[in-house]
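Engineer: Here is my input, please return the structure:
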Amino acid sequence: MSTKKDLPSRRLSVAPMMDWTDRHCRVFHRQITRHTWLYTEMVTTGALVYGDVERHLRFHEEEHPVALQLGGSDPADLAISAKKGEQWGYDEINLNCGCPSERVQKGAFGACLMAEPKLVADCVKAMRDAVSIDVTVKHRIGIDKVEEYGFVRDFVGTIAEAGCETFIVHARNAILKGLSPKENREIPPLRYEVAYQLKRDFPQLEIIINGGIKTSDEVALHLEHVDGVMLGREAYHNPYVMADWDARFYGDASPVKTRGEILEAMIPYIAAELERHASHGLKLNSITRHMLGLMAGLPGARAFRQTLSDTKKLASGDPALLLEAAAHLR
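Structural biologist: Modelled structure (predicted):
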């Protein structure tokens, strides 16, 4: 397990994204950036209290720094789940107070928790009492038509009183009825100034901004106002955007891996995973699907994606398919 002393700052992170940021995706991202924080998909407390803990929590040692995002609203279950996360070696526990999906709302967690700051504070306190690693909260700037700054200011203030020091602010409202999760990432307007104001009002807190950020230059501009920046979909669809982050934002002078070197680094990992988990039905596509955007913007990128999406070739289970795909680049 990493210690706080040797963990990098949260200046840069990749957002938790359902069906996307699984352990294979995180190992791939770690080939591109050494210092950026990586987050799991949201894991519900029910899955950890009653389900297959190993399936949900196992990860590869090289993923550090890596955070476990939990979904839940029962302080006791969250405390149990956070403790399991710490025991498995995660570096941070993050509470989801931002997901707007109706399925999540039925579980009484996600963005709807923003309407119950005292409950969230109880949840944070229960988790902090259970673990020694950081407990953080990811949230929106408002719910439905509530756009007054005082709403999110009071939410953050109440949770901060419970000991939370790090807030990841998705700078959009969450519309709880009538919009799909996808629409909730696109339709409510981005209001970055709300996150900036939170940092001014709570200078002692770590404020990380999230939502619609696509380039390293945009990251640099946001870092003039807040402590950290979290990228989501852009980091997934165009992962090589992260290639200069270690040097630019962490002062790491190590050579930047080329796209080809990243592919070559993934081959032994894929081979080992397929051998180790073949009995569980792990397929080559389970890992390579996260790599389709690596060549985004390059001539031949489409042929690269097509090769890695070819069901007949994937059925061979041969990780060397990565090199065959890369041969299409001009």
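Engineer: Spit out the contact partners of the residue nearest to residue 318 when sequence neighbours are not counted.
Structural biologist: Excluding its sequence neighbours, the residue lying closest to residue 318 (CB to CB, 6 or more residues apart in numbering) is residue 284, at 7.5 Å. Where you see a C-beta, it was placed from the backbone N, CA and C, and this is true even at glycine. Contact analysis of residue 284 by CB atoms under 8 Å, 6 or more residues apart in numbering lists 270, 274, 314, 316-319, 321.
Engineer: try residue 296
Structural biologist: Taking CB under 8 Å, 6+ apart, we find residue 296 in contact with 237-238, 240.
Engineer: try 7 Å this time
Structural biologist: Residues in contact with residue 296 (CB atoms under 7 Å, 6 or more residues apart in numbering) are 237-238.
Engineer: What separation do you get for it and residue 246?
Structural biologist: Taking CB to CB, to the nearest Å as the measure, residue 296 falls 20 Å from residue 246.
Engineer: what does residue 28 give?
Structural biologist: Distance, residue 28 to residue 246, using CB to CB: 16 Å.
Engineer: Same check on residue 215?
Structural biologist: As judged by CB to CB, residue 215 and residue 246 stand 16 Å apart.
Engineer: Quick check: which ranges of the stretch 201-330 of the chain have low pLDDT?
Structural biologist: Low-confidence segments of the stretch 201-330 of the chain (pLDDT under 70): 330.
Engineer: mind listing the helices for it?
Structural biologist: Per DSSP state H, counting those that start in this stretch, the stretch 201-330 of the chain carries helices over the ranges 216-222, 233-237, 245-250, 259-276, 284-288, 301-308, 311-315, 321-326.
Engineer: model confidence over the helix or strand residue 157 falls within, on average?
Structural biologist: Here residue 157, judged by DSSP states H and E, is contained in helix 149-161. The pLDDT scores in helix 149-161 average 98.
Engineer: Centre of the chain to that helix, how far?
Structural biologist: Here the centre of helix 149-161 is set off from its chain's centre by 23 Å, with CA atoms, centre = their mean, to the nearest Å.
Engineer: for the very next helix or strand once past it, the distance to its chain's centre please.
Structural biologist: Next along the chain after helix 149-161, taking DSSP H and E as the criterion, comes strand 166-170. Offset of strand 166-170 from its chain centre (CA atoms, centre = their mean): 12 Å.
Engineer: and after strand 166-170, which helix or strand comes next?
Structural biologist: With DSSP H and E, the next secondary element past strand 166-170 is strand 173-174.
Engineer: Centre of the chain to that following strand, how far?
Structural biologist: Between the centre of strand 173-174 and the centre of its host chain there is 18 Å, according to CA atoms, centre = their mean.
Engineer: Kindly report the same for stretch 177-197.
Structural biologist: On CA atoms, centre = their mean, the centre of stretch 177-197 falls 17 Å from that of its chain.
Engineer: Stretch 57-75 now?
Structural biologist: 10 Å.
Engineer: Report the buried residues of that stretch.
Structural biologist: Neighbour-count burial for stretch 57-75 flags 57, 59, 63-75 (criterion: 16 or more other CB atoms under 10 Å).
Engineer: and what of stretch 44-54?
Structural biologist: 44-45, 47-49, 53.
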